[in-house]
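Peer 1: Compute the structure for the input listed below.
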Amino acid sequence: MKYDFAISYAGEDSAIAREIAHRLQETSRDLSVFFAEENTELLVGVDSEQFFERLFSESKQAIVLISKHYKQKQWSRFEWDVILGRSNENRFIPVRLDDTRLLGLPSSIIYIRFDGTNYEGIVSVCIKKLILYERESGYRRPSEFEKLLDSLKYDSKGATAQAAQLVFDNRTRTPLGDCEIPNENLPVSYEIVDDEWVNFSTIKRLSVNITVPPGLSPDELRFNLKHCAATQFNLHKPDAIMVFAYLDADRDEIGKIPFSAGKAVFAPFGKWEKALDGFAYNISIKEFDYAVDFASDYFATRPNST
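Peer 2: Predicted coordinates:
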């Protein structure tokens, strides 16, 4: 029951809690977030007091939406008493919806003020608090490379069997040609930190980590991701390549945190998982394409963002 985040809120504030939960989950599929309204199947038939006492005692971060409704409700007061029992170093993340005073909440506590729109700011603080907690407690999340490797090992759609058949058949493919290097009159600003092969059977996939400076525009970041993917593809000729971009400041956190700038895939039809099909059906470079994603809070934290 040790969720990354558990949100304590009054029913009247459920819309705000729901939006925070959804945005946290959109930040990374690896994040576990308990939001009672969407986890009712876990509550049916159990002792609710024991369940929520464990939940708010053991979750890595407790987010509390402080409001007049929160103070008035018996159930939220029960959750609040449990949360007050957490360690002083990692007690809770207070989000104020109004100026309600709670027993046990010192006036000196620094909180986040919800203004009706600043969801991204709240989520950013929550993620940073989680990273700090995990770093100090020695917890290490699987790296992007390890997650990619696991996705291949535990593919439930028969990819393992298909790849084994390619080996059994001694299948080979026509060598891939070079792809066109993007040329958009934009500066090449990235630095390659490392790369790792995600080889499974005869299928060759390449994962590359790069750093980029802060302040790149969407077009500049997209160009750098594609440029790196294209040049490394031409150099190594994998069946698919994925590039993870981190901000320069996060260089020492590569492999410990999700990519902080963006990622790009260059593969058949722009899909990493289609590498096997590309090999099996001899798909040419003409059918390769890019898929680019940005980190959820990248543009909110750019120094020159508006």
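
Peer 1: Quick one: the helices in this structure, in order.
Peer 2: 14-27, 48-58, 68-72, 74-84, 119-137, 144-153, 159-168, 218-236, 275-280 (DSSP state H).

Peer 1: what are the phi and psi values for Ser260?
Peer 2: phi -100, psi 0 (degrees, to the nearest 10).

Peer 1: burial measure for it, as a count.
Peer 2: Neighbourhood size, Ser260 [other C-beta atoms under 10 Å]: 21. The C-beta positions use only the backbone N, C-alpha and C, and glycine is treated the same way.

Peer 1: okay, it: pLDDT?
Peer 2: On the pLDDT scale, Ser260 is placed at 89.

Peer 1: got any ranges where the stretch 151-300 of the chain has weak pLDDT?
Peer 2: Filtered on pLDDT under 70, the stretch 151-300 of the chain yields the residue ranges 151-172, 200-201, 296-297, 299-300.

Peer 1: what's next to stretch 75-95, contact-wise?
Peer 2: 8-10, 20, 49, 52-53, 56-57, 60-66, 69-71, 102, 104-105, 109, 111-114, 122, 125-126, 129, 133 (C-beta atoms under 8 Å, 6 or more residues apart in numbering).

Peer 1: list the buried ones in it?
Peer 2: Going by neighbour count (16 or more other C-beta atoms under 10 Å), the buried part of stretch 75-95 is 76, 78-80, 82-83, 86, 90, 92-95.

Peer 1: Out of those, the closest to Lys226 would be?
Peer 2: Checking the buried residues of stretch 75-95 against Lys226 by C-beta to C-beta gives Ile93 as the nearest, at 36.8 Å.

Peer 1: Please report how far that closest one lies from Phe34.
Peer 2: 14 Å (C-beta to C-beta, to the nearest Å).

Peer 1: Figure out which of the helices of the chain is closest to Tyr190.
Peer 2: Among these, helix 218-236 sits nearest to Tyr190 (C-beta to C-beta), with 4.6 Å.

Peer 1: List the contacts of the closest one.
Peer 2: Taking C-beta under 8 Å, 6+ apart as the rule, helix 218-236 contacts 178-182, 184, 186-190, 192, 195, 206, 208, 210, 212, 216, 241-243, 245, 261-266, 288, 290, 292, 294, 298-299.
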